[in-house]
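> What would the 3D arrangement of this be:
(one chain, ligands or ions: 1)
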Amino acid sequence: MNTPSPIDPLSIALIGCGKMGGAMLHGWLAAGMTHAAYVLEPGHLPPELAHNPVVKHLHNADALPITDVLVLAVKPQSIAEVCASLKLDPSTLVLSIAAGQKLANFEKHFGDTHPIIRAMPNTPASIAKGMTVLVANKNVTKDHHEMATQLLSATGHVEWVKDEDLMDAVTALSGSGPAYVFHLIEVMTQAGIECGLDADFAKSLARQTVIGSAALAEAEHETPAEHLRKNVTSPGGTTEAALNILMNGEMQDIFTRALMAATARSKELSK
Ligand SMILES: NC(=O)c1ccc[n+]([C@@H]2O[C@H](COP(=O)([O-])OP(=O)(O)OC[C@H]3O[C@@H](n4cnc5c(N)ncnc54)[C@H](OP(=O)(O)O)[C@@H]3O)[C@@H](O)[C@H]2O)c1
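Presented below is the predicted three-dimensional model:
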């Protein structure tokens, strides 16, 4: 596991500071970012970002200085317009987190000699518990590679892939994954209510159970999930009664279909 490390004085331009851009910026600030982060965002920044002396809020692409890294965190449908408005220095590493936007697409905008990295982060990045997967184009040097690893490690765990085609399945699993876990809290809450618990009580029990289980999986990160599950399951007990239903194949089937739908959507967005 990577542990979050303070960011060396990298200069960063962040284009788009919505849910994901904001989550990453929170992660960098929490990691002790000291160099200015130039944030191009048409809307307001939340007060804790707007009042942070490191954050320089810009409203116009022409005001962007040359930076080591430019992070593109706008919606995929805004990428073409945003790229067209940017005048990039050839030395600036472009790091895009836009779902479904391929490296070749950015090479069309910035030239096929420009260093470009495509990343798929997830929202736990805001509390340094993110999972980011990266893929680089041919112009990315060892230094760029280290720069991106360093930047994203400040927001959690980092993995690299060589095959860009894997990014669709990555998007489906870890990019969208936090939503599936939050949905698990919702379905466990509803099931608790149907078993007779008061709604607020069920909500609290479901939430804390997911939090505690995730923390246990982290604390025992070398123990496979299967073992952690078996540790809670006594033969003939209550957990086994529930798992006999959960593990009859339907849940696996639902998750496989869900991730296949997300993978297919990611491929569609890439066209
Ligand atoms: N959310 C996730 O869990 C997640 C996970 C992995 C990857 N991603 C990727 O991250 C990217 C951002 O997603 P998001 O969920 O953070 O979306 P979002 O909350 O809508 O954030 C996008 C931000 O970009 C701003 N923006 C729009 N046009 C701009 C421009 N021309 N220049 C600068 N900023 C501009 C938007 O401002 P306005 O709202 O005022 O238009 C908004 O604040 C997407 O490409 C998505 O695929 C998201």
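> who's in contact with the closest residue to residue 88 other than its chain neighbours?
The shortest distance from residue 88 to any residue other than its chain neighbours is 5.8 Å, reached at residue 110 (CB to CB, 6 or more residues apart in numbering). Glycine gets a C-beta too; all of them are placed from N, C-alpha and C. Residue 110 is in contact with 83, 88, 94, 116, counting by CB atoms under 8 Å, 6 or more residues apart in numbering.
> which residues sit in contact with the residue lying closest to residue 11 once chain neighbours are set aside?
The shortest distance from residue 11 to any non-neighbouring residue, by CB to CB, 6+ apart, is to residue 67 (4.2 Å). Going by CB under 8 Å, 6+ apart, residue 67 touches 11-13, 38, 92.
> Spell out which parts of this protein neighbour the ligand.
15-21, 40-43, 73-76, 78, 82, 97-99, 120-123, 175 (CB under 6 Å from any ligand atom).
> what do you get if the cut-off is 8 Å, keeping everything else the same?
Counting by CB under 8 Å from any ligand atom, the positions of the chain adjacent to the ligand are 15-23, 40-43, 61, 72-76, 78-79, 81-82, 85, 96-101, 120-123, 171, 175-176, 178-179.
> Check the burial of residue 220 by counting its neighbours.
Using other CB atoms under 10 Å, the number of residues around residue 220 comes to 13.
> Might you report the residue contacts of it?
If a contact means CB under 8 Å, 6+ apart, then residue 220 has residue 228 as its contacts.
> what's it sitting at in phi/psi?
Here is the backbone geometry of residue 220 (degrees, to the nearest 10): phi -110, psi 50.
> measure it to residue 229 for me?
12 Å (CB to CB, to the nearest Å).
> Kindly report the same for residue 182.
The gap separating residue 182 from residue 229 is 20 Å, by CB to CB.
> what do you get for residue 27?
As judged by CB to CB, residue 27 and residue 229 stand 30 Å apart.
> more crowded one of those two?
Between residue 27 and residue 229, counted using other CB under 10 Å, the more crowded position is residue 27 (27 against 13).
> For the closest residue to the ligand within the stretch 151-271 of the chain, grab the count of nearby residues.
Nearest to the ligand, among the residues of the stretch 151-271 of the chain, is residue 175, at 4.4 Å (CB to the nearest ligand atom). Neighbour count for residue 175, taken as other CB under 10 Å: 25.
> Not counting residues beside it along the chain, what's closest to the closest residue to the ligand within the chain?
Nearest residue of the chain to the ligand (CB to the nearest ligand atom) works out as residue 18 at 1.9 Å. Of all residues not flanking residue 18 in the chain, residue 73 sits nearest, at 7.1 Å (CB to CB, 6+ apart).
> And residue 270, by the same measure?
residue 100 (4.3 Å).
> Helix, strand, or coil at that neighbour?
Look at residue 100: counting by DSSP: H, G, I helix; E, B strand; the rest coil, its state is coil.
> Appreciated, that's everything.
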